[in-house]
Each structure stands twice: as structure tokens, then as C-alpha cells.
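# Mind folding the following:
(one chain, ligands or ions: 1)
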Amino acid sequence: MPLGERGGWESSESMYCGVETDFSDDVPSLLSFHISTGGFDYVLAPLVCFFHYYYFPLDSSLSLTSLFALRLQMNPSYRPSLVEANGSSDTQALPVSGSDLVLAPSQWSSHVVGKVSSWIDLDSEDEVLRMDSETTLKQEIAWATHLSLQACLLPTPKGTSCANYARCVNQILQGLGNLQLWLRVPLVKSDGDSMDATSEGLNDSWELWNSFRLLCEHDSKLSVALDVMSNLPSESSLGRWMGESVRAAIISTDSFLTNARGYPCLSKRHQKLIAGFFDHAVQVVVSGKLVHNLQRASDSNAEGTQRHPLRSYLDYVAYLFQKMEPLPEQERIELGYRDFLQAPLQPLMDNLEAQTYETFERDSIKYIQYQRAVAKALVDRVPDEKASELTTVLMVVGAGRGPLVRASLQAAEETDRKLKVYAVEKNPNAVVTLHNLVKMEGWEDMVTIISCDMRFWTAPEKADILVSELLGSFGDNELSPECLDGAQRFLKPDGISIPSSYTSFIQPVTASKLYNDVKAHKDLAHFETPYVVKLHSVARLAPSQPVFTFAHPNFSTKANNQRYKKLRFNLPSDAGSALVHGFAGYFDSVLYKDVHLGIEPTTETPNMFSWFPIFFPLRKPVEVHPNFPLEVHFWRCCGSTKVWYEWSVSSPAPSPMHNTNGRSYWVGL
Ligand SMILES: C[S@@+](CC[C@H](N)C(=O)[O-])C[C@H]1O[C@@H](n2cnc3c(N)ncnc32)[C@H](O)[C@@H]1O
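Residues are numbered from 1 along each chain as shown. Sure thing, here's the model as predicted:
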């Protein structure tokens, strides 16, 4: 019974809850108990338990065929090598449980996640154990593939060294179809001393995960399943996992507290963590035995059927899911864009389509901010006593289909100022709409439409106010500076530009999914291209910092639009190490005086949706540690026909330069 019905396994719209079980050779009964009776969505169960079929003499006086009886014995200490050591004549090992026929392929696939035998130790000093482990791992994964399972859980590496385990998993990953592998890792990170470390001496399990997945070439089919313990690491340390490929959170019944009525519940910090996991489509698995003194747990229900012992835990997890705030309308609309890489627009080189203009025009907050800015500028420009005499000349450069013309006229009406508007637009298709708009609204006396590139227009008079919106997710990346340099020729020396400035920002992020999506293209060009993306499954590792600022107008003869910035980021001291897959980029723009507009997370304009952030990938992810700052370099380079960014990391380890000479990505002039 899926508790949420709104999406598939990978959707944060649904809650899928599994239960960890022991091995059973009667899988239909196992499912009937945990799914039909218990209400769980799937079981996390060992696929294999080793049986020995022993043939041994019953009665030596009988014929040869009856001399031996078959004895089936469950043998948890089975190892493949024991079979060979004993010779195959009297012992046969069956490394596989019951028949695949007991369930339909669709049932295997939707209701069973396989658990690989936990005894395997591929990095053991004991060669026999190591070889046995490899044989077993490969056999079990082959069986899981045969059953069409969606996922298999790999046991936690036994020590901190996991190279041979990773090598073997990497071999498996190369030929794997749709099966996902989840590496089981305890959610631990000690605060420096080794008190919190696990018995294997693990101080920060993220490091184990990081080594394993890097050894496995950052394969997208390898994910992590976190064992959530009763003690949780610091907030910053937990935050790192939100950018990782976490598929499941396995919560032991020991980690639950007991509420006043004797029912299981979780601490506030656990609740917050689980809500974060739900939001990132991480599935919850309940594991362990009933440890709470639940009156009703062992009771029968009204129909007299036995209640599942872990039902109260499932009910509590479902309660946490249901009490999450519903997504705001706009977030719901944008769900399909989460972590989806898009090429940035090139509005100067290309002509935008009607659909794109339409999306802009629905963003009323943006135009409210512009109207406020224009209103303030008009009042500053023309004092009240001159309001009926003076006409302000305002030019909307890059007018599109006219929303900024409308916002400007409304600002004039609101402030009782007289206004003459020029609407300059280089997209001939948008100009058609502009003409219709002006006619329809009866603005012919106030608005003149100019079908021209602002950089080349010869204006009949100079403007008091120049209004534009040529901003990209990274501020200057749609070439607002170059366009406004051209347009400021027709701004009066004391004229006002709205916006008056804009600044780009970056911050380092863990973004495992984005990195893998870029990597999937298997070429350099995609690693040297910034993408517009609605960031969701990312961990923001340090506060963002300003990169490039442009102010308008800028009449200085020395002005140029090339820029270089070196930035240093420090991770919070209790965060632990993290992997940087690239940089999230944002902008903030001062429209006029205190009126601003932007998407930088700490100052973003609420409810505005015209811009998603930008993502600059790194060709090779960089591991960072709180004690060693991350040093990053960004360049804005300008040629005669194009503008581009180059970027690199110089510390803690140098990365190659990205996008040299704009070889992979550039914006056309
Ligand atoms: C981001 S859109 C904004 C459109 C409109 N102002 C709005 O807010 O919906 C930028 C507009 O500027 C136009 N544009 C870009 N560069 C231009 C240039 N050099 N001269 C004239 N128009 C330009 C584009 O065609 C596009 O219509």
C-alpha cells in the first residue's frame, strides 16, 4: 500500500517505506505479512541464504540409491570455498534461495530490494575469505538482476579501506542493467575525538562513501543507504548528504523514542532530518525489532487479524510525511525542472519565442519591483511642483512584448508624472506584439516603438531614464553590460539607468546528480558549460560570495567589461569534508536606490520565478576540508564577437582551467 500515490520511486511527492527483514525462502508469505498485513511498500531482504544438501548414509545395508538421504540445513557459515575444499561429491551448496517463479517479475521489482550477504569482506587479509566474498557478491547481484529487482543493498565495507570491494563493484556496475546498488553506510561523524567513532574506527562515514564512489568512477547507478542512528552528527555535517545520491534512510527501531502513550516517535532533530530526506525523495526503511512498550502492537485489530509488530513505526513515519507543508503552487509547477540542466538563453544572438515571453510576463513580482523603481526615479527626477510641466523621456531598451512599458506607464500614473516612452526591441516578432499592444491600449500618444538593436539606434533625443531587463541567472551573462554600453549613448549625462547595478554570486555545492548528468554526455564541452537549473538536490557548502559587479551608466573612458575575481570559501568547522561538484551562481540587482531584485538565496526576491540559478560544473570534483579553504578563480573574457567565462580551482588542489578561449561555451555579441 503506497502511502503516497503521487509519483514513482524517485519522486519526493510520494512516501515509500520499506522494512528490513530476515531471509525467508517463502517470499510470497514474507510479502503477505509485511506488505498486505504490515502496510509497508517493500521488503529489504536477503535474497540468498546458504543451504547445504548433505548426503549421508542412513543404513549401509540398503541399496545404493537409498543409502543417502537428503538433508537440508540452513548454514549461515557457508562459504563457496568450503564446497571446493570438501569436494563436490557429498556436498552441494546452493547459493540461491527459492524459485524466481514464486513472484511475478513486476512483484519482485516493486516489492523486493535485495540484501547482499553481510558477511562478505572483499578487503580482508584472508585471501580465501576475500575470494569467497567476490564470488558471492557477483552471484547474488546476478540473481538480483535475473529477478528484475530495482535495487540491491551492499553491506558496509568492513574497514576504512575498501579498494578491492570497490573494484569488484565497479566491475559489476559496468555490465549492470537497470539495477541500482545502494551502499549501506552508517550516518556517523565524530566531533574530532574518536568517542563517536564506530567499532571499525570510522570517524566520518561520508569519507568512506566518498572513497568508494570515487573508486567506482562516480557511477550514477551507485547510491548510498544511510543507517540512521540514535545519535546524529552536526547540522552542517548532515547537510552534505543532501547533495549526495542518498536513496534510503534505514532507521533502526532503537533510534525511536517513546512518547507519553508508549508509541514510537523521533527526536526533533531526527524529524527534521527525515523531512529533509522526504523532500529529496529518500525512502525510509524501518529496521529492527519492536522495542517499544506498545499495548496495541501485539493486539489484534477489529477484524481479529494480527497487527504487524512494526506497524506503529510505519504509522509514525507516515505521520511525519503527512505533516510536511504542502508545496506552494509555484514550486509544484516547477517540480519537473528540479535538478534538470538547461542551456542558458542567448537573447542577444537568438530571438526569444512567444512562450518564453509569456513565462516572463506571468512573474508579476518582477514588474512590481520595476514599477516601484521607476516611480521613485520619476519623483526624484521631477519635483511635485513641476509635475504638470515637465515630461520625462523614458526608454525601455529590450522591451519584449511590452510589460516594462506597462509598468513604466503605471508608475507615471501612480506618481502623477508626464511620460514619453520609447520602446526599443530588436526581435521583429516581439515588435509585432508591441504594435498591437500600443493600439489596443490606446497608448499611441505616449509610446513610440523602435524596431532596432539598441547598440546601433540613433535616438532622436536623449533619455532621462533608461529601463532594461537584460539579466541572466548570473547577472551579466546575457550581455546586459555590452548592450547598455551601447544604449547609454542616448542617456542624458545625469540620466538614470534602471537597473543601476547588478552583481553575480557563487557558492560551492555538492551536486552529485548534476555532475552525473553532465558526465553522461561523455565530452569536455559539457563540463565547460554553465547550465540554468532549478537546484534541489544540492548541498550548499559555504555562503555565497559576490563575483562581478556592473554599474550603469558608466561614462568612464577606461570602462571595460572584462573581469577577474579570486574567491576563498571556508566550510563550517564541524561540517567534515565534502565533495565540490561545481558552483551555484546567482545575481542580485539594484534597480534604483533601495529597490532590488535578485535570486541570491539570502536576499532573494520572494515569489519571483523568472530566473533559476546557474551551475558551473567542475571537470573533476574537488574534495574540500574545513581546515583548507577552497580557492576559486572566475574570469569574464570579452572578444570581438563573443563573451565567455573561464573558471578554475587552485586550492586545496589545482583543477584544470575550464572553457579556455571560450572553446566550449560563449555568448554571442
Ligand atoms: C529578458 S527579455 C525581457 C523582455 C521584457 N522587457 C520583459 O521583461 O518581459 C530581453 C529582451 O531584450 C531584447 N534585446 C536583447 N538585446 C537587445 C538589443 N541589443 N537591442 C534591442 N533589444 C534587445 C530581447 O530581444 C528581449 O526581448
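
# Next, give phi and psi for Asp594.
phi -90, psi 10 (degrees, to the nearest 10).

# Look up phi and psi at Val112.
Backbone dihedrals for Val112, given as degrees, to the nearest 10, come out at phi -130, psi 130.

# now swap in Gln355 and tell me
Per degrees, to the nearest 10, the backbone of Gln355 is at phi -60, psi -40.

# From Leu341, how far out is it?
Distance, Gln355 to Leu341, using Cβ to Cβ, to the nearest Å: 19 Å. From N, CA and C alone the C-beta is placed, and that goes for glycine too.

# Between these two, which is the more surrounded one?
Remark: of Gln355 and Leu341, Leu341 carries more neighbours, 18 against 7, as counted by other Cβ atoms under 10 Å.

# contacting residues for whatever residue of the stretch 101-250 of the chain ends up closest to the ligand?
Proximity to the ligand, evaluated over the stretch 101-250 of the chain using Cβ to the nearest ligand atom, is greatest for Gly243 at 29.9 Å. When contacts are counted by Cβ atoms under 8 Å, 6 or more residues apart in numbering, Gly243 touches Val509, Thr510, Ala511, Ser512, Ser537, Val538, Ala539, Ala578, His581.

# Next, format these as JSON lines and append secondary structure, neighbour count and distance to the ligand.
Converted to JSON lines, these look like this (DSSP: H, G, I helix; E, B strand; the rest coil; neighbours: other Cβ atoms under 10 Å; distance: Cβ to the nearest ligand atom, whole Å):
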{"residue": "Val509", "secondary structure": "strand", "neighbour count": "27", "distance to the ligand": "26"}
{"residue": "Thr510", "secondary structure": "strand", "neighbour count": "25", "distance to the ligand": "31"}
{"residue": "Ala511", "secondary structure": "coil", "neighbour count": "31", "distance to the ligand": "26"}
{"residue": "Ser512", "secondary structure": "helix", "neighbour count": "26", "distance to the ligand": "32"}
{"residue": "Ser537", "secondary structure": "coil", "neighbour count": "21", "distance to the ligand": "28"}
{"residue": "Val538", "secondary structure": "coil", "neighbour count": "24", "distance to the ligand": "25"}
{"residue": "Ala539", "secondary structure": "strand", "neighbour count": "22", "distance to the ligand": "31"}
{"residue": "Ala578", "secondary structure": "strand", "neighbour count": "29", "distance to the ligand": "35"}
{"residue": "His581", "secondary structure": "strand", "neighbour count": "26", "distance to the ligand": "29"}
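
# Just the closest of the residues you listed to Ser29, please.
Ser537 (37.2 Å; Cβ to Cβ).

# And the strands in the stretch 351-500 of the chain?
Taking DSSP state E, counting those that start in this stretch to define them, one finds strands in the stretch 351-500 of the chain at 391-397, 418-425, 447-451, 463-468, 491-498.

# Any idea which residue is closest to the centre of the protein?
With distances taken as Cα atoms, centre = their mean, Ser537 lies nearest the centre of the chain, 1.8 Å away.

# Can you point out the buried residues in the longest helix along the chain?
The longest helix of the chain (DSSP state H) is helix 127-146. Judged by neighbour count (16 or more other Cβ atoms under 10 Å), helix 127-146 contains these buried residues: 129-130, 132-134, 136-137, 139-141, 143-145.

# my guess is the residue nearest to the centre of the chain meets His280, correct?
Yes. Look at Ser537 against His280 with Cβ atoms under 8 Å: they come within range, at 5.4 Å.

# Would you reformat the contacts of Gly243 as JSON lines and include pLDDT?
What follows is the contacts of Gly243, written out as JSON lines (pLDDT from 0 to 100):
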{"residue": "Val509", "pLDDT": "98"}
{"residue": "Thr510", "pLDDT": "98"}
{"residue": "Ala511", "pLDDT": "98"}
{"residue": "Ser512", "pLDDT": "98"}
{"residue": "Ser537", "pLDDT": "97"}
{"residue": "Val538", "pLDDT": "98"}
{"residue": "Ala539", "pLDDT": "98"}
{"residue": "Ala578", "pLDDT": "98"}
{"residue": "His581", "pLDDT": "98"}
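
# Pull the most distant pair out of the residues you listed.
Taking Cβ to Cβ, no two of those sit farther apart than Ser537 and Ala578, at 14.3 Å.

# where do the contact lists of Ser537 and His280 overlap?
In contact with both Ser537 and His280: Met242, using Cβ under 8 Å, 6+ apart.

# Next one: the residue of the stretch 101-250 of the chain closest to the ligand from Leu535, what distance?
Taking Cβ to Cβ, one finds Gly243 at 9 Å from Leu535.
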